[in-house]
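Enquirer: pasting the sequence and the predicted model now:
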Amino acid sequence: MRVKVQAQLLFNSIVRFGAADIDFILQKNGQEVTKTAYSKGGYYDGLDIPDTIQIDTSVDCLAGDELTLRLTGSSRTTFSDYAYYFSLASGDTWASFTPDSLVHLGDIWPVAQNLPADITCSDLALTIAKVMQGTYVVDSLHNTVKLVPLDDVIDNIPNAKDWSKNTDESVQPELTVQFDGYSAKNWYKWREYEDKTSIGYGDGFITCGNTANSKESTLFELPFMACIDSSTTVGGYGNPIYIKTRSISKSGDTITVNKNDAAARLILVEPTKTVVVQTNTLTPSGDIVKVGVTLTACWWAKRPMGARVDDNAFSLAFTGVSGQVEESLITRHFTATKRILRRPRMLNASVYLHPSDIATLDLSVPIRLKGVRLGSLDINDNLFYLNSLGPYRSGMVCNATLIVL
């Protein structure tokens, strides 16, 4: 469990000469978790002006763990003496240890056990990559995974990496002007409702300039359903999203709560906004009563009034639905994709790269080829997205698949 630790000391102090450091330390099982430092140089007289030192943090704990607050004092330096007087002041000195069930930024959150039974971690990771048009970069040395959106490559055009001197000009490259799997009209879809209602809600498409298929096709369908808005308006908030998870039925004097099999959804949450709504609750005695429940503001396509802040004007709809003013996924994340598909061209070329080039390779930075001749192909000045590379062996050429931006 997580424990919220908050503590405050109100104190008076005098520094007669030298400089003193005061550390307010939180320990778990004798090991420092965090500390707040207070430092003052002399001469200083704070007998009539109390100072405050605080700790405000959360700690992950297991059964049997011991949390301790300690106060220590020392000289700030090792090459001078100090004289320091310290005493607790009368007033606001306190400490509290409270169970904390909230998920905080930077917390480790177990994804797998919080997913619906029919959704895997791979489903979630691939969905995030698809809606943001990104590629995962796995760093096995530092045990990190980073998503690099394709639009970052466009943003980094001023920082393009020049590979003009790294190409093998003796090898004829392969130039492809049609991408497999793409049609003239390419649909991005959310999973359909089982009852076939709201067909196409939040779906979107992008056209491709040169393709063997002149018709349309679904490029991918995500395993998550779109969320429609409820027809019920909550005062001071707006229309929340509607996901039916339970229903109440009554037969004579018997009241039954029925669970509905709700398919997996993704939603957007604004943690700084909450609303209290009245819900029907079945008491142990069988009565249905109204109970106030505090909910965190969330949306899928259109933000309710009570969820709006300056920096969350975006949605999960590929193309905006009726009445939506929020930025759609295609507008927000598909700029590079649209640019590439407007005139698709892909180059397979032989390149020679140093180990340092591989070590510093950044997929968010485009590749520039300028004033080179590869076989019979002249390249004046072009920018590319590095789609694939390898196999790589130091001192030998390797194949680079480059997509023209």
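Expert: Sure thing, it's come through.
Enquirer: if I look at Ala95, how far off is Gln6?
Expert: Per CB to CB, to the nearest Å, Ala95 is found 7 Å from Gln6. Backbone N, C-alpha and C define where each C-beta goes, glycine included.
Enquirer: wait, isn't Arg343 in contact with Thr211?
Expert: No - contact criterion CB atoms under 8 Å: Arg343 and Thr211 do not qualify, at 11.5 Å.
Enquirer: quick one: which of the two has more around it?
Expert: Per other CB atoms under 10 Å, whichever of Arg343 and Thr211 has more neighbours is Thr211, with 21 against 11.
Enquirer: OK, contacts around that one?
Expert: Taking CB atoms under 8 Å, 6 or more residues apart in numbering as the criterion, Thr211 is in contact with 178-179, 182-184, 344.
Enquirer: quick check, Ser122 in a strand?
Expert: No - read with DSSP: H, G, I helix; E, B strand; the rest coil, Ser122 is helix and lies in no strand.
Enquirer: tell me the pLDDT at it?
Expert: For Ser122, the model assigns a pLDDT of 93.
Enquirer: roughly how far does it sit from Ser87?
Expert: Taken as CB to CB, the span from Ser122 to Ser87 is 60 Å.
Enquirer: ok, the two, which is more surrounded?
Expert: Shown here are Ser122 and Ser87; by other CB under 10 Å, Ser87 has more neighbours (11 against 8).
Enquirer: helix or strand for that one, which one?
Expert: Element membership for Ser87, per DSSP states H and E: strand 83-88.
Enquirer: what residues does that strand touch?
Expert: Taking CB under 8 Å, 6+ apart as the rule, strand 83-88 contacts 9-18, 20, 22, 42, 73.
Enquirer: ranges for the strands of the stretch 151-300 of the chain?
Expert: Secondary structure of the stretch 151-300 of the chain (DSSP state E, counting those that start in this stretch): strands located at 161-162, 174-176, 183-191, 204-207, 213-225, 228-229, 241-242, 246-251, 254-259, 268-282, 288-299.
Enquirer: need the ones you listed in CSV with mean pLDDT and distance to Ile128, can you?
Expert: CSV is the format used below for the strands of the stretch 151-300 of the chain (pLDDT from 0 to 100; distance: least, CB to CB, whole Å):
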stretch, mean pLDDT, distance to Ile128
strand 161-162, 96, 26
strand 174-176, 94, 28
strand 183-191, 95, 14
strand 204-207, 96, 17
strand 213-225, 91, 10
strand 228-229, 94, 22
strand 241-242, 92, 19
strand 246-251, 78, 28
strand 254-259, 77, 28
strand 268-282, 87, 13
strand 288-299, 89, 17
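Enquirer: number of residues surrounding Thr296?
Expert: Thr296 sits with 12 neighbouring residues when counted by other CB under 10 Å.
Enquirer: ok, it - contacts?
Expert: 269-271, 273-274.
Enquirer: give me the buried subset of these.
Expert: When these are checked for burial by 16 or more other CB atoms under 10 Å, the buried set is 270, 273.
Enquirer: most widely separated two among the contacts of Thr296?
Expert: Farthest-apart pair in the contacts of Thr296 is Val269 and Thr274; separation 10.6 Å (CB to CB).
Enquirer: hey, what's in contact with both of those two?
Expert: Common neighbours of Val269 and Thr274 (CB under 8 Å, 6+ apart) are 296-297.
Enquirer: was I right about Lys338 contacting Cys208?
Expert: No - using CB under 8 Å, Lys338 is not in contact with Cys208, being 9.6 Å away.
Enquirer: how about the helices of this structure, start to end?
Expert: Taking DSSP state H as the test, the helices found in the chain are 121-131, 151-155, 329-333, 335-342, 355-359.
Enquirer: comparing these, which yields the minimum mean pLDDT?
Expert: Among these, helix 355-359 carries the lowest mean pLDDT (a mean of 86).
Enquirer: for that one, the distance to its chain's centre please.
Expert: The chain centre lies 28 Å from the centre of helix 355-359; the measure is CA atoms, centre = their mean, to the nearest Å.
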